[in-house]
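**Student:** Have a look; sequence and predicted model below, questions after that.
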Amino acid sequence: MQAVLKDSGLKITAQGCKLLEFLTQVDEQHLTIENIYLGLNAQGETIGLHTVHRIMANFEQAGLVVGRLFESKNTVYELSNKPRHDHLICLTCGKLIDFIDPLIELRLGLAAEHHGMSIHHHSLNMYGHCFACQKALNSKSDKQKV
Ligand SMILES: [Zn+2]
Ligand SMILES: [Zn+2]
């Protein structure tokens, strides 16, 4: 952890290490500041919301994490060392799914090339309803029919 922080030119603090450790360990890869704050405190770390804010801002500036804003939800953060991917977002429960499609990557690359663009980054988001929410919606409308 310390090496990662040092490489990114960030000041090494105990709280910064803890936060980075937390981000690499959790299963859920898209976290809001509040998620991180609550998660750390649930692990027995006493760290304030403002401190989490400040550290995450530093992490983002140093390129360790990427912040993404989907519709009206709060910014979610994920580690920047993940392979490039796109997102599916559920409009009902806010669930986020990462996906990678080499064919899309290829087509985007060709489109950029065609227009003479050198690409810095791209974002592709699809919005809809996840499987669980579709099921819940369907059973609700079934009941209304009766
Ligand atoms: Zn959903
Ligand atoms: Zn993602």
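**Tutor:** Right, received. Where do you want to start? Just so you know, these numbers come straight off a predicted model, no measurement behind them. Ligands and ions are numbered 1, 2, ... in the order given.
**Student:** and the residue of the chain found nearest ligand 2, what are its bridge partners?
**Tutor:** Residue nearest to ligand 2 within the chain: residue 98 (4.2 Å; Cβ to the ion). To be clear about C-beta, it is placed using only N, CA and C from the backbone, and glycine gets the same treatment. Assessed by DSSP bridges, residue 98 has beta-bridge partners residue 87.
**Student:** My guess is it contacts residue 89. True?
**Tutor:** No - in this structure, residue 98 is not within contact of residue 89 by Cβ atoms under 8 Å, at 10.7 Å.
**Student:** which one of the two has more residues nearby?
**Tutor:** Neighbour count, other Cβ atoms under 10 Å: between residue 98 and residue 89, residue 89 has more, with 21 against 13.
**Student:** Which residues are in contact with the more buried one?
**Tutor:** 70, 71, 95, 96, 97, 125, 126, 127, 128 (Cβ atoms under 8 Å, 6 or more residues apart in numbering).
**Student:** ok, the closest residue to residue 108 other than its chain neighbours - how many residues close by?
**Tutor:** Excluding the flanking residues, the one nearest residue 108 by Cβ to Cβ, 6 or more residues apart in numbering is residue 122, at 5.9 Å. By the criterion of other Cβ under 10 Å, residue 122 has 13 neighbours.
**Student:** so where do the helices sit in the protein?
**Tutor:** Ranges of helices within the chain are 2-7, 14-25, 33-42, 49-61, 102-114, 131-145, based on DSSP state H.
**Student:** Pick out the shakiest of the ones you listed, pLDDT-wise.
**Tutor:** Of all the helices of the chain, mean pLDDT reaches its minimum on helix 2-7 (a mean of 76).
**Student:** Buried residues of that one, list them for me.
**Tutor:** Using 16 or more other Cβ atoms under 10 Å as the test for burial, helix 2-7 gives 4, 5.
**Student:** For that helix, what is the distance to the chain centroid?
**Tutor:** Averaged C-alpha coordinates place helix 2-7 at 21 Å from its chain's average position (Cα atoms, centre = their mean, to the nearest Å).
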